[in-house]
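In: The following comprises the amino acid sequence and a computationally predicted model.
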Amino acid sequence: MRSIKSILAGVSVAFTFACQQEQVAFTPEVSLQGFTLDEIGEKVNEVSDGGLLETNIGEEVHFKFSGHAEKVAIWPGDSVLDSKDFISHNYLSFLETGDVRKYNGFSLSPSQGETDYKYVYDVPGLYQVHIVGSSVGSRGTELQQDTTSIFVRVKDQGNYYNSFFSFSINRLGDNYGVFEAEIEENELIFDLPGGVDLSSVIATFDVAPYSKVFVGETEQISRRTRNNYGRSLEYRIVSPRGEEKLMKVVINQSEIETEAKMLTYSISETGEEAVIDYTTNTISLPLAYMPDEQGKMEYTALFESTPYAVIYDRNDAVTVSGDTKVNYLDFENPVFYRVVSEDGQNEQIFNVVLDLGPGLKSGKVENLMPAPELTFNYMEKTASFSVLNGTDISQLKLTLETVNEGSTIKFTEENGQSRPFVNGETEVDFSAPVAFEVTDDQGRSIVYRISTVVLGA
């Protein structure tokens, strides 16, 4: 005996089937849920031995198993009313071979937590969905025929097969990216800069399965076919049933830009934005002092120019924000960018110089023999030096080299007050890590923590 239970809360419809124990090999509590992403006013009716769920082409349907089984197979169904050309899921063929995968059934393993299956129908029609389960002890080998089934009616809203879901163009020049079309009822509208080359445009588009796109009699392949957008152009979408729709390309172009400027420049990993001086075309980039191997750490350069300008690096190669990598050592040689306006008539050179800010470059302990050198982690703003076990580290004198001349240093011992530091004179207790605050001549400060590494402890 079977009963149908409908739950009309929100957009969820559930079907519960209670089966006689001798007819199935697993616990007879199976539910099949269906819902679409949009509230479309689904209806549930008694149809044959199952229920009827109505949905639209292209909308997601969700099937869920909530019983006890080792394996469950779901077939989204064959179209039982429309043309057999669209058949893609054959449950009856499975009964002859027992191979779920060969005939596009979807297999779940509830014992492993797999209970959900989402599916999108591409073709209108009436589908009979089958859910088939095995007993817990069978290890998935005894799938029972027609344990549960339900009918799904898939409706065509009228323009699914004759619509562009997305449409864009690119490759219009070195200084241009991707342009998305505004898709209207019968038009593809583009707002483009004045300097684009429209003579050989490649379009990227998405249409429904089985639909084809033409310009004239030439079939269009997304991301491959070229067209001249400098002349009147219409795309023709043909549905599987032969219905056609024309989409006219409309181009709105702005005036060509004549300015050539770098507007912003920064490093993504630090978040520090450079200051640009347009009187000297100098880009002052805040970046910590980082020599030797640490200086090879790569950063991502982010920048913005006047609209549609082309930017060249010091090797005269076109460079794009987010694609350019730089490191501290790069700036040992001049780093500059050449910015060329969209019309190609103006260009300016912008030089990048480092603003190192406050910091420490090196240091050593003066009153130990031999005098240990400090080892720095410039990224973490820490330093350390090694001493032998038993060394008195309560009154050590350091010499610290700052990044910028004119910087001042204060230090704070554990549980102590901040005091001025003088190179080679001030005694510091390193029984615990000590904080050294470095302030440059512009009043900017940074703190390094210096500690000891005891050898032979």
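Out: Noted; the coordinates are in hand. The structure displayed is predicted, hence computed values, not measured ones. Numbers count the residues shown, from 1 in each chain.
In: okay, which residue is most central for this protein?
Out: When Cα atoms, centre = their mean is applied to the chain, the residue found nearest the centroid is G322 (14.0 Å).
In: pLDDT score for that residue?
Out: If you check G322, the pLDDT there is 87.
In: Please apply the same query to L8.
Out: 20.
In: Ok, Q417 next?
Out: 85.
In: So that it lines up with my notes, have the first residue be 763 from now on.
Out: Let's use 763 as the start, then, which means that last one is Q1179.
In: Give me the three-state assignment for it.
Out: Three-state call for Q1179 (DSSP: H, G, I helix; E, B strand; the rest coil): coil.
In: What number of residues are in the vicinity of it?
Out: When neighbours are counted by other Cβ atoms under 10 Å, Q1179 registers 7. Every C-beta, even on glycine, is put in place using the N, C-alpha and C of the backbone.
In: I'd like the distance between it and I819.
Out: Applying Cβ to Cβ, to the nearest Å, the value for Q1179 to I819 is 75 Å.
In: same check, this time on S1001
Out: Distance, S1001 to I819, using Cβ to Cβ: 11 Å.
In: and for those two, which residues touch both?
Out: Contact criterion Cβ atoms under 8 Å, 6 or more residues apart in numbering; residues shared by S1001 and I819: 923, 970.
In: per-domain residue ranges of this protein.
Out: Using automatic domain parsing, the domain ranges for the chain come out as 775-919, 923-1015, 1024-1117, 1122-1217.
In: So which of these is the most surrounded?
Out: Scoring the domains of the chain by mean neighbour count under mean count of other Cβ atoms under 10 Å gives domain 775-919 as the most buried, with a mean of 17.
In: rewinding a little: the residue nearest to the centre of the chain and R1181: what is the separation?
Out: 45 Å.
In: same check, this time on A1079
Out: 52 Å.
In: what does P1120 give?
Out: On the measure of Cβ to Cβ, P1120 and R1181 end up 18 Å apart.
In: give me every residue that touches the residue nearest to the centre of the chain.
Out: Contacts of G1084 (Cβ under 8 Å, 6+ apart): 1030, 1062, 1064.
In: redo that, cut-off 6 Å
Out: Residues near G1084 by Cβ atoms under 6 Å, 6 or more residues apart in numbering: none.
In: re earlier: between the domains of the chain, which gets the lowest average pLDDT?
Out: domain 775-919 (a mean of 54).
In: Can you pull the phi and psi angles for I951?
Out: Per-residue torsions, I951: phi -110, psi 130 (degrees, to the nearest 10).
In: isn't it right next to V1012, touching?
Out: Yes. Proximity of I951 to V1012 meets the contact threshold set by Cβ atoms under 6 Å, at 4.6 Å.
In: Just confirm L1091 is within a helix.
Out: Yes. Under three-state DSSP, L1091 falls within a helix.
In: Now do it against K1123, distance only.
Out: L1091 sits 15 Å away from K1123, taking Cβ to Cβ as the criterion.
In: just T1081 next, same as before
Out: Distance check for T1081 against K1123: by Cβ to Cβ, it reads 31 Å.
In: same question, S1028
Out: On the measure of Cβ to Cβ, S1028 and K1123 end up 24 Å apart.
In: go on, G956?
Out: Taking Cβ to Cβ, one finds G956 at 51 Å from K1123.
In: show me where the stretch 813-962 of the chain has strands.
Out: 822-826, 834-837, 868-870, 878-882, 887-895, 910-917, 928-932, 941-942, 944-945, 949-954 (DSSP state E, counting those that start in this stretch).
In: Distance to S1046 added to those, as JSON lines?
Out: Output for those, formatted as JSON lines (distance: least, Cβ to Cβ, whole Å):
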{"stretch": "strand 822-826", "distance to S1046": "52"}
{"stretch": "strand 834-837", "distance to S1046": "63"}
{"stretch": "strand 868-870", "distance to S1046": "59"}
{"stretch": "strand 878-882", "distance to S1046": "53"}
{"stretch": "strand 887-895", "distance to S1046": "66"}
{"stretch": "strand 910-917", "distance to S1046": "62"}
{"stretch": "strand 928-932", "distance to S1046": "34"}
{"stretch": "strand 941-942", "distance to S1046": "34"}
{"stretch": "strand 944-945", "distance to S1046": "41"}
{"stretch": "strand 949-954", "distance to S1046": "35"}
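In: Which of those strands sits closest to D1075?
Out: When the strands of the stretch 813-962 of the chain are compared by Cβ to Cβ, strand 928-932 sits nearest D1075, at 22.0 Å.
In: which residues touch the residue lying closest to K1058 once chain neighbours are set aside?
Out: In space, K1058 comes closest to N1089 once its chain neighbours are excluded; the distance is 5.4 Å by Cβ to Cβ, 6 or more residues apart in numbering. By Cβ under 6 Å, 6+ apart, the contact list for N1089 reads 1058-1060.
In: Kindly recompute the last result at 8 Å.
Out: Contacts of N1089 by Cβ under 8 Å, 6+ apart are 1057-1061.
In: from those, which ones fall inside strands?
Out: 1060-1061 (DSSP state E).
In: I'd like to know which of the contacts of N1089 is nearest to P971.
Out: Out of those, the member with the shortest distance to P971 (by Cβ to Cβ) is E1060, at 43.2 Å.
In: List the residues that contact the closest one.
Out: 1087-1089.
In: need the helices for the stretch 913-1062 of the chain, in chain order.
Out: Assigned helices in the stretch 913-1062 of the chain: none (criterion: DSSP state H, counting those that start in this stretch).
In: Give me the nearest residue to Y1140, chain neighbours excluded.
Out: Per Cβ to Cβ, 6+ apart, closest to Y1140 is M1052, 4.5 Å.
In: likewise T1188?
Out: Per Cβ to Cβ, 6+ apart, closest to T1188 is K1159, 6.8 Å.
In: Tell me if I am right that the one you found is in a helix.
Out: No. If the criterion is three-state DSSP, then K1159 is strand and not within a helix.
In: wait, doesn't it sit right on V1127?
Out: Yes. The pair formed by K1159 and V1127 meets the contact definition of Cβ atoms under 8 Å, at 7.1 Å.
In: what do those two both touch?
Out: The contact lists of K1159 and V1127 share no entry, where a contact means Cβ under 8 Å, 6+ apart.
In: Who are the contact partners of the residue nearest to I1018 when sequence neighbours are not counted?
Out: In space, and not counting its chain neighbours, I1018 is closest to G956: 3.8 Å by Cβ to Cβ, 6+ apart. By Cβ under 8 Å, 6+ apart, the residues touching G956 are 1015-1019, 1104.
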